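Q: Predicted model follows, preceded by the sequence.
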Amino acid sequence: MDITTITFATVIGVLTVVIGILVKIIGFPDQFRLNYKRKSTEGLSTLFYGLAFVSYILWTIHGFLQNDWVLIVGQGVGIITTAMIVSQIIVYRKK
């Protein structure tokens, strides 16, 4: 890609990927560590993390169907990180 062909859409696309990955490799693991340290997921929205998990799965499947490796990798990381938190919600929930 030549520097003169960079468009606004390209910049937005790159920022979307970068910020999305940062959320998944910094934000979710940080929440996971905090939950682990407290041995609690109190205050987390079970609905939000459940929906996020399903959303990442569906986007990853869509990526496979479209042969879009950006979607597959980016959303696949989301599956892993949200699955870790969903598993903590299950393990740490009050009986």
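A: Now that the structure is in, tell me what you want to look at.
Q: continuing past the strand or helix carrying residue 64, what's the next helix or strand?
A: Assigned by DSSP states H and E, residue 64 belongs to helix 46-66. Sequence order places helix 69-92 as the next helix or strand after helix 46-66, per DSSP H and E.
Q: Centre of the chain to that following helix, how far?
A: 6 Å (CA atoms, centre = their mean, to the nearest Å).
Q: still on that earlier bit, for the helix holding residue 64, which outside residues touch it?
A: Residues outside helix 46-66 that contact it (CB atoms under 8 Å, 6 or more residues apart in numbering) are 68-72, 75-76, 78-79, 82-83, 85-86, 89. For every residue, glycine as well, the C-beta is placed using N, CA and C.
Q: can you check stretch 24-35 too?
A: Residues outside stretch 24-35 that contact it (CB under 8 Å, 6+ apart) are 41, 44, 74, 77-78, 81-82, 84-85, 88, 92.
Q: which sections of the protein are below the confidence cut-off?
A: Within the chain, the segments meeting pLDDT under 70 span 1-4, 95.
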